[in-house]
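In: curious how this folds, go ahead:
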Amino acid sequence: MRGRSASSIGQIQPAFLKVYGATPSATDANDTQRNLMDVDDAMAIGTLKATMISEQASEQMLSIADSLEQQSAGTAPGAAPLLTAQAQVANLQNQAFLQHMLAAELRQEATLLAHDNALVKESAAANKVLRDHMRQVLGRQ
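Out: Numbers count the residues shown, from 1 in each chain. Down below sits the predicted model:
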């Protein structure tokens with residue numbers, strides 16, 4: 001998983017399952033817990049894949065920057081506008097990629113909020129059941 005090649009993305013999920021295990025069966029966890037685990041695993045795997053792609057894109061940007069620097073050292077004075085245009089295209093690509101990563105980060109935060117909200121809902125439902133049982137017990141005396 002440490003390789004920065006996009007071709008190794010397919011290895012992330014099996015490696016993740018080997019390290020963290022699969023979602024428990026329906027007899028070992030309730031539906032809410034299984035759903036939360038499934039969503040959390042999916043987001044973690046997605047984040048690992050996005051990180052791998054991010055590292056690869058960063059290396060490509062550095063390679064482009066090195067190439068432009070080398071070209072600028074040995075070009076004729078009239079070629080500056082062409083190099084400037086190439087640099088601006090690389091800058092736009094970099095900005096688009098940064099926006100993509102920001103969107104991924106926002107999705108991750110939204111998932112964390114949804115996870116926390118599901119836990120609050122589950123706790124509220126458990127508290128209601130407890131209150132109902134307490135009313136039944138107290139009502140019998």
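In: how many residues are close by A65?
Out: 14 (other C-beta atoms under 10 Å). Where C-beta positions appear, they are placed from N, C-alpha and C, glycine not excepted.
In: let me fix that: E55
Out: Neighbours of E55 under the rule other C-beta under 10 Å: 15.
In: distance check, it against A73.
Out: Applying C-beta to C-beta, to the nearest Å, the value for E55 to A73 is 28 Å.
In: in the chain, which helix or strand is least confident?
Out: Sorted by mean pLDDT, DSSP states H and E, the helices and strands of the chain end with helix 31-73, the least confident at a mean of 87.
In: what is it packed up against?
Out: helix 12-20, helix 80-140 (3 or more C-beta pairs under 8 Å, 6 or more residues apart in numbering; DSSP states H and E).
In: okay, angle between the longest one and helix 31-73 too, please.
Out: Counting by axes from the mean of the first three to the mean of the last three C-alpha atoms, to 10 degrees, helix 80-140 points 170 degrees away from the direction of helix 31-73.
In: packing partners for helix 80-140?
Out: helix 31-73.
In: run the chain-centre distance for the helix it packs on.
Out: Relative to the centre of its chain, helix 31-73 is centred 8 Å away, using C-alpha atoms, centre = their mean, to the nearest Å.
In: what angle do it and helix 12-20 make?
Out: Helix 31-73 runs at 130 degrees relative to helix 12-20, counting by the same axes, to 10 degrees.
In: pretty sure A26 contacts N35?
Out: No. With contacts defined as C-beta atoms under 8 Å, A26 does not count as touching N35, sitting 11.2 Å away.
In: more neighbours: these two, which one.
Out: Set side by side, A26 and N35 give different neighbour counts by other C-beta under 10 Å, the larger being at N35 (14 against 9).
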